[in-house]
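K.L.:
I'll drop the sequence and a predicted model, then ask my questions.
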Amino acid sequence: MKTVSAMFIAALLSTTVSFAQEQSMLELLRSDFRTQKTALVTAAMVLKDSQADAFWKIYREYDFEQTKLGDKSLALLKEYAGVYEKINDEQADKIMAQAFKNQKARLDLRTKYYKTFKKQLGGVVAARFAQVDKQISDLVEVQIASQLPLIGRKQAQDVQAK
């Protein structure tokens with residue numbers, strides 16, 4: 001997954017990638033990520049045959065909603081990539097407000113589906129889902145964060161260089 005995240009961030013921060021190429025790469029990376037994520041979830045969940053159909057039906061709904069939230073996060077990354085070299089206070093504040101909103105929406109979605117899984121499959125399966133999903137999300141977030149330049153870092157370096 002690190003390779004997928006790093007490649008996408010590099011593409012986002014590159015000004016030479018056309019919109020069509022970016023969209024094509026995004027779809028390819030998402031497909032690869034989903035395959036990897038599904039394999040991880042499958043291995044971690046260890047479902048009984050009687051639970052599998054219900055779990056995957058609910059999970060597909062969750063994944064669909066999560067993808068929409070991911071689109072918002074990607075749009076925010078694109079916005080940041082467009083301004084990070086000369087970001088001002090207003091832009092930084094706007095980006096951070098949206099980042100916090102996106103984080104809350106992801107937590108709200110996980111909470112909503114925890115309750116759905118709990119109702120259909122019990123507390124242990126629901127808790128395992130929430131734990132596995134959080135671990136995967138945390139890994140992806142760390143990988144993305146490690147590739148992003150810090151807000152205002154370039155301006156601070158430019159000031160020090162003078």
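P.N.:
Received, thanks. Please read these numbers as outputs of a predicted model, since none were measured by experiment.

K.L.:
tell me which strands and helices the helix or strand harbouring Phe129 is in contact with?
P.N.:
Phe129 belongs to helix 123-147 when assigned by DSSP states H and E. Counting contacts by 3 or more Cβ pairs under 8 Å, 6 or more residues apart in numbering; DSSP states H and E, helix 123-147 is packed against helix 2-13, helix 19-45, helix 49-83, helix 89-121. All C-beta atoms are positioned from the backbone trio N, CA, C, and that covers glycine.

K.L.:
Tell me the buried residues in that helix?
P.N.:
Using 16 or more other Cβ atoms under 10 Å as the test for burial, helix 123-147 gives 125-126, 128-130, 132-133, 136-137, 140, 143-144, 147.

K.L.:
Report the helix or strand with the lowest average pLDDT across the protein.
P.N.:
Using mean pLDDT, DSSP states H and E, the weakest-scoring helix or strand in the chain turns out to be helix 2-13, at a mean of 50.

K.L.:
any idea how far Leu47 is from Arg110?
P.N.:
Going from Leu47 to Arg110 by Cβ to Cβ, to the nearest Å gives 19 Å.

K.L.:
Please name the residues that touch Lys115.
P.N.:
Residues in contact with Lys115 (Cβ atoms under 8 Å, 6 or more residues apart in numbering) are Ala126.

K.L.:
Now do the residue nearest to the spatial centre of the chain against Ala81, distance only.
P.N.:
When Cα atoms, centre = their mean is applied to the chain, the residue found nearest the centroid is Gly70 (5.3 Å). Separation of Gly70 from Ala81 (Cβ to Cβ): 16 Å.

K.L.:
just how off-centre is the helix holding Phe129 within its chain?
P.N.:
10 Å (Cα atoms, centre = their mean, to the nearest Å).
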